[in-house]
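[1] Mind folding the following:
(2 chains)
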Amino acid sequence: DGGITQSPKYLFRKEGQNVTLSCEQNLNHDAMYWYRQDPGQGLRLIYYSQIVNDFQKGDIAEGYSVSREKKESFPLTVTSAQKNPTAFYLCASSSRQTGHEKLFFGSGTQLSVL
Amino acid sequence: SQQGEEDPQALSIQEGENATMNCSYKTSINNLQWYRQNSGRGLVHLILIRSNEREKHSGRLRVTLDTSKKSSSLLITASRAADTASYFCATDKAGGFKTIFGAGTRLFVKA
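    Residues are numbered from 1 along each chain as shown, chains lettered A, B, ... in the order given. Okay, the predicted model is just below:
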């Protein structure tokens, strides 16, 4: 059963705390993405990775960090420097090969601040 | 920054009617995609149209692309209550790697 798994579904962060959101895919995709979605808004790109051990900042990378040590995994850390972290976080992957550019999304993580 | 902007922001129609959503973008693109999102869920890919295509169909969906106007439209024919969701356009810039999304259109289909 191929797909993308995000965990946890709900996450709460205390003041000054770093939290890590998990994203795992078994689709053998090279590219992975993290998006942030605020209520009633579209998706904004945080970070993306084209290949293992490589990643680039998106449009709103400040206060976030990522790693891509394995093809299957692309965890996102929301650091204490991110002052407004409450949002719905979506992970996606794609093969990026011509004819297969579409993104496959996980079911999301809702992050809230205590 | 958001490459695509959808119009209208919200749309309410009766079951059986057609729903049309529009998307405008700013830069040259490789392709334009439409996605659907049910509340609190991930996005699901609906259809992709390439920059050298003008129209594409998939079931009850019809997508058009006008690269001279940098705009696209998504038509859902004979809408159903189950079509109630948010719809987003997304673009892959020419020569780029990122997929950028618009703000979305919230569609409500009344039974």
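[2] Quick check: pLDDT value at the residue nearest to A:Arg96 when sequence neighbours are not counted.
    With sequence-adjacent residues excluded and distances taken as Cβ to Cβ, 6 or more residues apart in numbering or on different chains, A:Arg96 is closest to A:Ala31, at 4.7 Å. Where you see a C-beta, it was placed from the backbone N, CA and C, and this is true even at glycine. Note for A:Ala31: predicted pLDDT of 92.
[3] what's the spacing between A:Ala31 and B:Thr27?
    20 Å (Cβ to Cβ, to the nearest Å).
[4] So between these two, which is more surrounded?
    Neighbour totals were compared for A:Ala31 and B:Thr27, and A:Ala31 leads with 20 against 12 (other Cβ atoms under 10 Å in any protein chain shown).
[5] which residues sit in contact with residue 47?
    This is for chain A. A:33-34, A:55-58, A:61, A:64, A:66, A:76 (Cβ atoms under 8 Å, 6 or more residues apart in numbering or on different chains).
[6] To clarify, I was referring to chain B.
    Per Cβ under 8 Å, 6+ apart, neighbours of B:Ile47: B:33-34, B:56, B:58, B:61, B:63, B:74.
[7] now, which of the residues you listed sits nearest chain A?
    B:Gln33 (6.3 Å; Cβ to the nearest Cβ).
[8] the strands in chain A, which residues?
    Assigned strands in chain A, in chain order: A:4-7, A:10-13, A:19-25, A:31-37, A:43-51, A:54-57, A:64-66, A:76-78, A:87-94, A:104-105, A:109-113 (criterion: DSSP state E).
[9] what does chain A put close to chain B?
    Proximity of chain A to chain B, by Cβ under 8 Å from any Cβ of the partner chain, involves residues A:4, A:6, A:31, A:33, A:35, A:40-45, A:48, A:50, A:56, A:58-59, A:88, A:90, A:92, A:94, A:96, A:101-108, A:110.
[10] List the contacts of stretch A:65-84.
    For stretch A:65-84, the surrounding residues in contact (Cβ under 8 Å, 6+ apart) are A:13, A:15-26, A:28-30, A:32, A:34, A:46-47, A:49, A:51-55, A:62-64, A:85, A:89, A:91, A:93, A:111.
[11] Drop anything exposed from the residues you listed.
    Neighbour-count burial (16 or more other Cβ atoms under 10 Å in any protein chain shown) is assigned, among the contacts of stretch A:65-84, to A:13, A:19, A:21-25, A:29, A:32, A:34, A:46-47, A:49, A:55, A:64, A:85, A:89, A:91, A:93, A:111.
[12] ok so, going back, which of the contacts of B:Ile47 count as buried?
    Among the contacts of B:Ile47, those classed as buried by 16+ other Cβ under 10 Å are B:33-34, B:56, B:63, B:74.
[13] Can you tell me which of those end up in strands?
    Mapping the buried ones among the contacts of B:Ile47 onto strands (DSSP E) picks out B:33-34, B:56, B:63, B:74.
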